[in-house]
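**Student:** Sequence and predicted structure, then a few things I'm wondering about:
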Amino acid sequence: MELQLSRIDLLTVGSTSLKSMKVLPNQPGKKIPQRIAVADHNGVLTCFQMKKSDVAVDFKTLPGPKVDRLELGGAIGSLQEKIFISSGSEVRGFTKRGKQFLMFESNLSDSIKSMFIHGADLHVTGQYIYNMYHNCQDTHFYLSCDKINDMVGIPGVNQEIYPVLGCQDRVLRVLSGSELLYEAEVPGAPETLALFDVMSGFGHNNLVYGTRDGIIGLCTINKDNPCHRWEIANVNNLGGITAIETYDINGDGVSELIAARDDGTIEIYTIAEGQPKMLTTKNVSESVTSIGAGLITSTAHSDVVISTYPGHLVSLTTEAKSHAATNVIPPSTKTKIDEMKQEIEELKKQVMTEREKYQKSAGSDSAISAVVKFHVNDKFVLNPVDANYLLSIEIQMPIENVLLQCDVPIDLLDVEKNSAVVSHSACDPEDKNYLLATYRCQANTTRLDVKIRSIEGQYGTLQVYITPRIQPKTCQLKQYQIKPLSLHRRTHIIDNERPMNVLKLNGKFSLGEVHSWIGYCIPEVPDKCPTGDTVTMYFQSTFLDTQLECNYSQGIVEFKSDNISTISILKDVTTKLATQRKIALNISYELCDQSIPHSLRLIHPKLDEQLLLAKKVQLIDALKELSMHEPTLDFLSPEYQDIIQNAEQLQAAFKLQPCHLERLYGMITDLYIDKFKFKGLNVKSKVPMLLEVLDNYELESLIDFFEISAV
């Protein structure tokens with residue numbers, strides 16, 4: 001039976017960070033509405049609860065520095081109801097009544113990104129550093145080789161805690177004190193971690209992770225090694241996971257898994273026979289930053305409570321709509337509505353008065369216009385399913401327009417839920433201006449999603465100008481790098497049986513320099529150079545599934561790939577970077593002839609599918625005209641009848657993949673040119689012959705054409 005959720009808006013605060021809201025627990029056996037603690041970018045900590053459908057604020061702190069994280073703690077064995085917030089490198093503690101009992105300045109050089117409290121132990125992380133403080137004394141330290149996105153503590157024996165770091169390089173790092181016990185590989189960069197409730201039927205040492213590309217997984221963390229239980233794939237290309245909670249929402253005695261995504265989707269899973277099963281889903285249309293559950297609006301029904309990036313606190317109650325909402329408005333509520341309407345009218349008059357003052361002073365020579373600052377919640381992430389980048393822009397106020405400019409060729413793809421109107425302006429590629437597009441948003445739009453398709457080998461900068469609907473007019477610029485191998489992502493496993501091409505570079509360069517070259521070429525390379533004399537990284541193409549191995553140390557770097565075009569791009573870019581630093585390189589390579597047919601066979605399914613789709617779309621108009629003049633179409637072959645019946649789906653699929661066929665043709669052309677370029681031959685004059693072969697495409701004919709020696 002599907003769970004029904006009804007939305008109730010609770011409170012509005014300032015913009016919120018990830019994991020900056022918590023539901024405080026009740027005393028065992030007590031069934032009263034639970035308190036909610038939330039902290040925002042204005043530095044305000046608010047603790048409130050619902051009383052007779054009204055918000056009753058217990059306490060509210062004065063504005064201060066932006067709050068990055070909120071966690072609950074308390075003495076071991078007692079109720080975890082003390083509130084801890086982090087601002088920069090400082091941690092403050094409050095009781096549930098609002099009394100401050102702790103102000104601790106950590107020795108972290110950057111802001112605290114994640115933390116958890118276990119008794120008198122405070123565990124915090126910065127971008128790369130983990131610290132543990134016992135009674136505010138620095139006790140343990142660990143330096144990660146990649147960025148730490150989140151952290152959770154796994155309970156062990158004798159009240160021992162094993163911190164687990166979710167790192168950007170798709171690894172969970174399990175610590176004991178200052179030592180690394182082991183690493184557990186996961187299918188994506190873990191964005192959020194959470195303990196899996198014992199009531200779920202699993203042990204106490206299980207954690208759920210949510211990745212940036214939308215995958216959810218359960219992993220058992222033992223002292224010696226991990227055990228992966230299950231994964232939930234992101235089959236619908238939804239947003240990344242931002243928050244996870246476990247709670248018995250339907251009252252069956254077993255905890256459900258509640259996951260929130262950055263596109264506003266809330267998903268609830270029940271665990272049946274050890275495997276997750278979707279129970280219900282809901283979308284709140286704003287990026288979710290925190291999630292909790294408990295008795296919020298009623299003591300008889302459980303609620304899911306969420307906080308969004310713009311600062312809205314929303315309860316999704318399991319109470320039936322017929323009871324949760326009624327057409328009869330109580331007199332007390334009606335009085336409050338009238339008071340609020342009167343207050344809104346007064347505020348409108350004040351705004352008009354201040355706006356008139358501003359307009360008068362704007363024309364004065366001595367007037368100084370103040371720039372309104374606003375924070376942008378942005379994301380530029382590669383989707384491994386369709387090999388496209390998703391650009392998400394979200395601000396607290398309505399967006400008026402977003403302008404995109406790029407100095408390399410990229411394609412903008414439609415997003416179904418995008419209601420903005422896009423207009424393209426003419427560009428001159430000779431001025432390194434390939435794209436100029438403006439998205440005009442509808443009223444009250446605070447979020448814009450854009451899908452972008454890049455071409456490997458074409459690298460540059462995408463500039464995004466965001467203009468909110470405010471006065472005076474102001475704009476904020478965001479820049480995103482389109483890297484030479486932009487469609488590659490980090491992986492931990494490669495197939496060593498594939499035919500590999502090898503490129504070797506030798507020269508007087510340091511490990512840090514070659515690491516920066518690789519980071520310039522490929523996404524998901526950490527900014528900080530890994531420790532050790534030799535570094536090995538593996539990457540996989542999300543479009544063709546080809547692979548790349550990078551081995552480098554001081555003075556030497558070796559690239560291995562089953563795609564010769566990947567080797568060619570790396571050779572051109574690294575040579576250019578070394579020349580800029582005046583570093584001489586000794587270049588050698590070993591080509592594998594079997595890699596060409598191998599790459600063509602990887603392209604074949606995609607090319608065959610697109611050619612068949614294009615052929616069917618070309619026939620639709622002719623078949624529709626034929627159907628208008630014939631009483632029946634039984635004389636047509638089943639293939640043609642299928643085309644007429646599925647005409648709309650075929651045209652929609654073709655529209656979703658603009659220039660897809662040309663892109664595949666371009667990859668095959670580059671593969672052909674790169675093959676002979678390494679042999680010192682220029683075969684650009686034979687490209688028209690290659691295109692003729694592609695127009696009459698057959699895989700074996702194409703492989704034979706590549707095998708012909710260019711003379």
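**Tutor:** Thanks, I have the structure now. Numbering: from 1, shown residues only.

**Student:** Can you show me the strands along the stretch 351-500 of the chain?
**Tutor:** For the stretch 351-500 of the chain, the strands defined by DSSP state E, counting those that start in this stretch cover 377-383, 388-394, 399-406, 410-413, 421-424, 435-440, 447-454, 460-468, 476-482, 488-491.

**Student:** Distance from the chain centre to the first one, please.
**Tutor:** Right, the one you point to is strand 377-383. How far strand 377-383 lies from its chain's middle: 5 Å, per CA atoms, centre = their mean, to the nearest Å.

**Student:** Name the residues of it that come out as buried.
**Tutor:** Residues 377, 379-383 are the ones in strand 377-383 that count as buried (16 or more other CB atoms under 10 Å). For every residue, glycine as well, the C-beta is placed using N, CA and C.

**Student:** The last one now?
**Tutor:** Neighbour-count burial for strand 488-491, with 16+ other CB under 10 Å as criterion, is recorded at 488-491.

**Student:** and which of these is nearest to Val525?
**Tutor:** Arg490 (7.9 Å; CB to CB).

**Student:** my read: that closest one touches Phe539, true?
**Tutor:** Yes. Using CB atoms under 8 Å, Arg490 is in contact with Phe539, at 6.0 Å.

**Student:** what sits in contact with each of these two?
**Tutor:** Shared contacts of Arg490 and Phe539 (CB atoms under 8 Å, 6 or more residues apart in numbering): Glu524.

**Student:** Three-state assignment for Pro597, please.
**Tutor:** Following DSSP: H, G, I helix; E, B strand; the rest coil, the label given to Pro597 is helix.

**Student:** now do the one 5 residues further on
**Tutor:** Reduced to three states with three-state DSSP, the structure at Leu602 is helix.

**Student:** residue contacts, it?
**Tutor:** Taking CB under 8 Å, 6+ apart as the test, what Leu602 contacts is 544-546.

**Student:** got a markdown table for the residues you listed, with distance to Val693 and neighbour count too?
**Tutor:** Formatted as a markdown table, the contacts of Leu602 follow (distance: CB to CB, whole Å; neighbours: other CB atoms under 10 Å):
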| residue | distance to Val693 | neighbour count |
| --- | --- | --- |
| Leu544 | 19 | 21 |
| Asp545 | 23 | 11 |
| Thr546 | 22 | 22 |
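
**Student:** circling back to that earlier point, got the strands of the stretch 351-500 of the chain as JSON lines, with distance to Thr318 columns?
**Tutor:** Listed next are these as JSON lines, based on distance: least, CB to CB, whole Å:
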{"stretch": "strand 377-383", "distance to Thr318": "29"}
{"stretch": "strand 388-394", "distance to Thr318": "28"}
{"stretch": "strand 399-406", "distance to Thr318": "34"}
{"stretch": "strand 410-413", "distance to Thr318": "38"}
{"stretch": "strand 421-424", "distance to Thr318": "39"}
{"stretch": "strand 435-440", "distance to Thr318": "38"}
{"stretch": "strand 447-454", "distance to Thr318": "27"}
{"stretch": "strand 460-468", "distance to Thr318": "36"}
{"stretch": "strand 476-482", "distance to Thr318": "39"}
{"stretch": "strand 488-491", "distance to Thr318": "39"}
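
**Student:** Same list, these, but as TSV with mean pLDDT and distance to Lys282 please.
**Tutor:** Putting the strands of the stretch 351-500 of the chain into TSV (pLDDT from 0 to 100; distance: least, CB to CB, whole Å) gives the following:
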stretch	mean pLDDT	distance to Lys282
strand 377-383	90	21
strand 388-394	91	19
strand 399-406	94	24
strand 410-413	87	26
strand 421-424	90	28
strand 435-440	93	27
strand 447-454	91	17
strand 460-468	94	28
strand 476-482	94	30
strand 488-491	92	30
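
**Student:** Can you name the residues that contact the nearest residue to His118 once chain neighbours are set aside?
**Tutor:** Nearest non-adjacent residue to His118, counting by CB to CB, 6 or more residues apart in numbering: Ile161, 5.1 Å away. Contacts for Ile161 (CB under 8 Å, 6+ apart) come out as 118, 121, 123, 153-155.

**Student:** Gly251 too?
**Tutor:** Ser302.

**Student:** got the phi/psi numbers for it?
**Tutor:** phi 70, psi 30 (degrees, to the nearest 10).

**Student:** Ser106 now?
**Tutor:** According to degrees, to the nearest 10, Ser106 has phi -80, psi 170.

**Student:** what about the closest residue to it other than its chain neighbours, neighbour count?
**Tutor:** Leaving out its chain neighbours, the residue that sits closest to Ser106 by CB to CB, 6+ apart is Ser89, at 4.9 Å. Counted by other CB atoms under 10 Å, the residues lying close to Ser89 total 17.

**Student:** Same question for the one 5 residues further on.
**Tutor:** Look at Phe94: counted by other CB under 10 Å, it has 20 neighbours.

**Student:** Val23 and Ile36 touch, don't they?
**Tutor:** Yes. With contact defined as CB under 8 Å, Val23 counts as touching Ile36 (5.7 Å).

**Student:** The residue nearest to Ser106 is in contact with Met103, isn't it?
**Tutor:** No. With contacts counted by CB under 8 Å, Ser89 stays clear of Met103, the gap being 12.0 Å.

**Student:** shared neighbours, Val23 and Ile36?
**Tutor:** By CB under 8 Å, 6+ apart, the residues touching both Val23 and Ile36 are 292, 296, 305.

**Student:** Including neighbour count, could those residues go into CSV?
**Tutor:** Output for those, formatted as CSV (neighbours: other CB atoms under 10 Å):
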residue, neighbour count
Gly292, 23
Ile296, 25
Val305, 26
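
**Student:** The residues you listed in strands, which ones?
**Tutor:** 292, 305 (DSSP state E).

**Student:** I'd like to know which elements the strand or helix carrying Gly93 is packed against.
**Tutor:** Assigned by DSSP states H and E, Gly93 belongs to strand 90-94. Helices and strands touching strand 90-94, by 3 or more CB pairs under 8 Å, 6 or more residues apart in numbering; DSSP states H and E, are strand 82-87, strand 100-105.

**Student:** what's in contact with that strand?
**Tutor:** 45, 47, 59, 61, 65, 73, 82-86, 100-106, 112, 115, 122, 124.

**Student:** of those, buried ones?
**Tutor:** The buried subset of the contacts of strand 90-94 (16+ other CB under 10 Å) comprises 45, 47, 59, 61, 73, 82-86, 106, 112, 115, 122, 124.

**Student:** Flag whichever of these scores worst on pLDDT.
**Tutor:** Across the set of the buried ones among the contacts of strand 90-94, Ser106 stands lowest in pLDDT, at 87.

**Student:** Please verify my assumption that that residue contacts Gly88.
**Tutor:** No. Ser106 sits out of contact with Gly88 when judged by CB under 8 Å, with a separation of 9.2 Å.

**Student:** joint contacts of these two?
**Tutor:** With CB under 8 Å, 6+ apart as the test, Ser106 and Gly88 both reach Ile112.
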